[in-house]
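1. take a look and give me a structure for this.
(2 chains)
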Amino acid sequence: MSLHSKQEIAIKVTGVNHFYGKGDARKQALHDNNLVIHKGEIVIMTGPSGSGKTTLLTLIGALRSVQEGGIALWGTELTGLNPVQQVEMRRNLGFIFQAHNLLDSLTARQNVRMSIELTDAPRADYDKIADAMLASVGLAERADYKPRNLSGGQRQRVAIARALVNNPKLILADEPTAALDKESGANVVKLLRKLADERGSAVMIVTHDNRILNIADRIVNMVDGHIVSDIRVRENIIICGILKKCSLFKELSPSDLTDIAQKMKEERFEKNSVIIRQGEIGDKFYVIAEGRANIIIDSDTGTRVLAKLETGGFFGEVALLKDQPRNATVSAAEPVVAYTLSKPDFLSAIKAHKSFEEQMGNSLFSRG
Amino acid sequence: MRTPLAWLNTIQNKKRTATAVGGICFAVLLIFMQAGFLGAAKLNASLAYRHLDFDMMIVSRGYLMLTRSESIDVYRVIQARNVPGVASVEGLLLQGGNWSNQISKSSESCFIFGLRPGGHYFVDHALNESVTHLSERQSTLADSLSRPSYGPWMIGGTAVINRQELAIRGDYALGMGLLADGSAMVSFDTYLRLYGIPALRRYQFGLVRLTPGANALAVAAALRESLPKDVMVLTKPELIDREENYFVNVKPIGIMFKVGMLVAFIVGAVILYQILSSEIANRLKEFATLKAMGYTERYIYGVGIRQGLIFSIMGYVPSLILSFGLYRLLRGLSSFPVYMDLTRALFVLGLTLGMCAIAAVFALGKIKRADPADLF
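-> Residues are numbered from 1 along each chain as shown, chains lettered A, B, ... in the order given. As a prediction, this is how the structure comes out:
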């Protein structure tokens, strides 16, 4: 199983700062934001209001000019684009707004056509394309309805059809489900997931709606203009699953596990390679996700295998806790995939989670 | 076909659009009325001259307009007859008098033409024929387009002009419009009697007709050369032009209609501005959405301008049709010569589009404020 398959980069945000106002009133909205989003990925941005997520969304959407740092869409830098080029860039994007923002005087079909008319599609095909798109969001019967004659969920689906009809490479959505009831919200989200998977578009959703977090590939959390976490959801779920099996973490709540999991990195080891060596300075904590490893101790009495570790097994904590050299060697008995936590993250996790500290005490005790 | 957004936006709220179009229609109708009055005033000013048959006119040095002219010496007319190229010169007397309404005994203003019986004065031959009948003493021709305030009169009956009884021998259709309540024609003899003038020494005008093939400009130059400087010689087009210009540009009545037209124009532009700007304000979010989708600002300006044009044309067409009816009504009520012509229709159309342009310049500025970044 590969969690880091090499994917095409859709969006690359590097060192972006953004300011509002001038002079004394100048306020920094974004602080050194870095973010990479791949093709086909759905990224959900969360965070309290005023945390800068919408600012970042509008910057990526070429709706504001980049002030500091760089944003590249498919390798094209947005910095330095003139307004005309910005408008052209936007034609590659699909925007979905909280308020559907349909044109009131137009029917559903005409609303979708407004998007199509920006492309080179032959004029004779406008209606055909629009109707096919409306059918794919389940609104074939409503093509001739004006927005005021549609329900909230139907309007949002028309807005989505309008955003997606040109196969945009990037879809930017702001609270797409906020105005919807649970069922319509779920339908909208399912639609986004399906279209992202089928069409390989990158999707970025700003939302507070917890009900839709499960469609995300990644969840990016922002606070006060900083990206404070970037969780790869599926990977996180897998890591949590493994951590759960691990006696050390069994008492932790899911949210504690998630906190730890998101800081872990994947490492791979060949068969018979040494993962840690006795006597070295310890800098990481390890949990085995796949494969088996042996704990080997060199002592006056010779080399012996102290224990065998399987999936869910962990090692490396003693050196970190006691600030000692490694007290044993661990080598891969077969190819091993491990998740590692750096020493500072490990120590801060222990401090943050009381129950974890207790477990840790028990584990030290039990291991002697 | 592309989606006609401007049109669909315009007809979306039918009630509001109807109100808006009604407002514009009213303003355009006002312009039509003022333009009609102005045109009629012009036509009215030169009406008498259009009826008179002459190539050029000898008038006094201090001549202002038909009803405000000084007199010329009868010798000027005689002198002019000797200039080569001149076929004939007729003297014409003209002065304001009063007509008594025989029922109400009220006194109405009346312009009195003094003519030489047998003289050739008018384009209309039948009228020239009637003038010969004026040789009978104390007889007159009455103007059938005089105001109703003249009271009842009939051919063969009696008219009281300047407190003297005259026999009505015939009629003609002239109408003085804004200049006076009506007019009457009498012979030189009767005219002198009406005003108590002892002998014919002065005319108001000398009507010059040229020999066929004579060069009007050359004859005019020769006339100016040979006549003393107490008179002016004006060709017919010059005189008509001067008359209309004096009436429209100098007299308050013309200025009044022009100001009226300007006010109607401004009212129209303001109405159109309000409609357009509220339309744009209401749709600012939609315009921002279009910008986010990748529509250029130019496209959105285009939508605004097209909406302005649609409103203008929707207001113009019914007001054009209504104007035909109102002009007809006005002619029936006042015998005021208000007629629709292509020039006026196009002129008012031009003003309507001008209204639209001015309204658009002020209203469309808001489109700049449609910021797609605000949609989030």
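
2. now do the contacts for the residue of the stretch 151-300 of chain A found nearest chain B.
-> Closest to chain B within the stretch 151-300 of chain A is A:Asp174: 4.6 Å, counting by Cβ to the nearest Cβ. Placement of C-beta: from N, CA and C, glycine included. For A:Asp174, the contacting residues are A:54, A:57, A:95-98, A:205-206, B:375-376, by Cβ atoms under 8 Å, 6 or more residues apart in numbering or on different chains.

3. interface residues of the stretch 1-150 of chain A facing chain B?
-> Neighbours of chain B within the stretch 1-150 of chain A, by Cβ under 8 Å from any Cβ of the partner chain: A:54, A:57-58, A:61, A:63-64, A:83-84, A:87-88, A:90-91, A:93, A:95, A:97-99, A:101, A:103-106, A:110, A:113-115, A:117-118, A:123.

4. contacts only, for the closest residue to B:Leu93 other than its chain neighbours.
-> Computed as Cβ to Cβ, 6 or more residues apart in numbering or on different chains, the closest residue to B:Leu93 that is not its neighbour in sequence is B:Gly114, at 2.9 Å. By Cβ under 8 Å, 6+ apart, the contact set of B:Gly114 is B:92-95, B:186-188, B:190-192.

5. so B:Gly114, which of the three states?
-> The local conformation at B:Gly114, judged by DSSP: H, G, I helix; E, B strand; the rest coil, is strand.

6. would you map the strands across the stretch 1-150 of chain A?
-> With DSSP state E, counting those that start in this stretch, the ranges of strands along the stretch 1-150 of chain A come out as A:9-20, A:27-38, A:42-46, A:68-73, A:76-77, A:93-96.

7. out of those strands, which is the most enclosed?
-> strand A:93-96 (a mean of 25; mean count of other Cβ atoms under 10 Å in any protein chain shown).

8. check the offset of that strand from the chain's centre.
-> 19 Å (Cα atoms, centre = their mean, to the nearest Å).

9. neighbouring strands - and their directions - for that strand?
-> strand A:170-174 (parallel) (DSSP bridges).

10. CA atoms only for the strand it pairs with, dumped as PDB, please.
-> Extracted C-alpha coordinates of strand A:170-174, given in PDB (Å, rounded to 0.1, in the frame of the first residue of the first chain):
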ATOM      1  CA  LEU A 170      -9.400  23.100  -9.900                       C
ATOM      2  CA  ILE A 171     -12.600  23.500  -8.000                       C
ATOM      3  CA  LEU A 172     -12.800  26.100  -5.100                       C
ATOM      4  CA  ALA A 173     -15.800  25.800  -2.900                       C
ATOM      5  CA  ASP A 174     -16.800  28.000   0.100                       C
END
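
11. I'd like the strands of the stretch 1-150 of chain A as CSV, with mean pLDDT appended.
-> Putting the strands of the stretch 1-150 of chain A into CSV (pLDDT from 0 to 100) gives the following:
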stretch, mean pLDDT
strand A:9-20, 87
strand A:27-38, 87
strand A:42-46, 90
strand A:68-73, 89
strand A:76-77, 86
strand A:93-96, 89
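
12. tell me where the model's unsure across chain A.
-> A:1-7, A:247, A:353-368 (pLDDT under 70).

13. give me that answer again for 50
-> Within chain A, the segments meeting pLDDT under 50 span A:1-5, A:368.

14. look through it and tell me its longest helix.
-> Using DSSP state H, we find that the single longest helix of chain A is helix A:182-199.

15. next, the angle strand A:9-20 makes with the helix or strand just after that helix.
-> Downstream of helix A:182-199, the next assigned helix or strand under DSSP states H and E is strand A:202-206. Using axes from the mean of the first three to the mean of the last three Cα atoms, to 10 degrees, one finds that strand A:202-206 and strand A:9-20 are set 30 degrees apart in direction.

16. list the buried residues in strand A:202-206.
-> By neighbour count on 16 or more other Cβ atoms under 10 Å in any protein chain shown, the buried set for strand A:202-206 is A:202-206.

17. domains in the chain, as residue ranges please.
-> Since no chain was named, I'll use chain A. Domain segmentation of chain A under automatic domain parsing yields A:9-231, A:234-367.

18. meant chain B, my bad for not saying
-> Listed by automatic domain parsing, the domain ranges of chain B are B:5-44+B:251-375, B:62-228.

19. could you dump these into JSON lines with mean pLDDT added?
-> As requested, these are arranged in JSON lines below (pLDDT from 0 to 100):
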{"stretch": "domain B:5-44+B:251-375", "mean pLDDT": "89"}
{"stretch": "domain B:62-228", "mean pLDDT": "92"}
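
20. make TSV out of the strands of the stretch 1-150 of chain A and add distance to B:Lys14.
-> Listed next are these as TSV, based on distance: least, Cβ to Cβ, whole Å:
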stretch	distance to B:Lys14
strand A:9-20	42
strand A:27-38	44
strand A:42-46	43
strand A:68-73	43
strand A:76-77	45
strand A:93-96	31
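
21. out of those, flag the one nearest A:Ala338.
-> Shortest distance between A:Ala338 and those, using Cβ to Cβ, is found for strand A:27-38: 23.8 Å.

22. and that closest one, what does it pack against?
-> On a contact count with 3 or more Cβ pairs under 8 Å, 6 or more residues apart in numbering or on different chains; DSSP states H and E, strand A:27-38 meets strand A:9-20, helix A:53-60, strand A:202-206, strand A:226-232.

23. could the ones you listed be laid out in TSV, adding distance to B:Phe287?
-> Formatted as TSV, those follow (distance: least, Cβ to Cβ, whole Å):
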stretch	distance to B:Phe287
strand A:9-20	23
helix A:53-60	17
strand A:202-206	23
strand A:226-232	32
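
24. before we move on, back to that, A:Asn187: which of the contacts of A:Asp174 is nearest?
-> Distance to A:Asn187, by Cβ to Cβ, is smallest for A:Ile96 among the contacts of A:Asp174, at 13.6 Å.

25. chain A versus the closest residue to B:Gly157 other than its chain neighbours, what's the distance?
-> Excluding the flanking residues, the one nearest B:Gly157 by Cβ to Cβ, 6+ apart is B:Ile168, at 5.3 Å. Separation of B:Ile168 from chain A (Cβ to the nearest Cβ, to the nearest Å): 69 Å.
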